[in-house]
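just need the structure, nothing else, for what follows:
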Amino acid sequence: MTAEWFDLGQRLRAATTRQLVPRLLHAPISTASRPVACRARLSGGHVTVTVAAAGQPQATATGPDALDLLGSVGVTLAATSPATLVTDDPATLGLLYRLALIATADSEQDTVAAHIAWWRDRADFPGGRAVVDTSAACRARWVLEPPR
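Predicted coordinates:
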């Protein structure tokens, strides 16, 4: 059976049952030791970041303050282990990288910017722990009926 036939069978079953159909037995997301949930938005030429991390309240900041916010939740190369970016928006990483470009050299913001660059370098690595796009992971895990 080809992958195309298998995919068609899953989609037909999803359409018939009107339910999600598992594509994989286990979720394709590696365990992250230090996940940081983040969403970035561009408004009026400024990048605004909303961040949540374990044991810390959700917070929002704009521009250079957003780099400081990311650093406060452990997004820095100075951390003992790298943070995993968890997002549901594919535009977030690009906006974070845009924000990283304004970091002051040889500063705390610079180590945050370096960590963002590390995320960007590893974002496309399959099964990697650097960046988790939850929407893409769910598409890999479940099949829905085709759109009408």
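
any idea how far apart the tips of stretch 92-110 sit?
Terminal residues of stretch 92-110 lie 19 Å apart, using CA to CA, to the nearest Å.

now do the buried residues in it.
Thr92, Leu93, Leu95, Leu96, Tyr97, Leu99, Ala100, Ala103, Gln109, Asp110 (16 or more other CB atoms under 10 Å). C-beta coordinates here come from the backbone N, C-alpha and C atoms, glycine included.

farthest-separated two in these?
Thr92 and Asp110 (20.5 Å; CB to CB).

may I see the buried residues of stretch 68-83?
Leu69, Leu70, Gly71, Ser72, Val73, Gly74, Val75, Thr76, Pro82, Ala83.

by mean pLDDT, which helix or strand of this protein comes out lowest?
In the chain, the helix or strand scored least confidently by mean pLDDT, DSSP states H and E is strand 142-143, which has a mean of 68.

what residues are up against Gly9?
By CB atoms under 8 Å, 6 or more residues apart in numbering, no residues touch Gly9.
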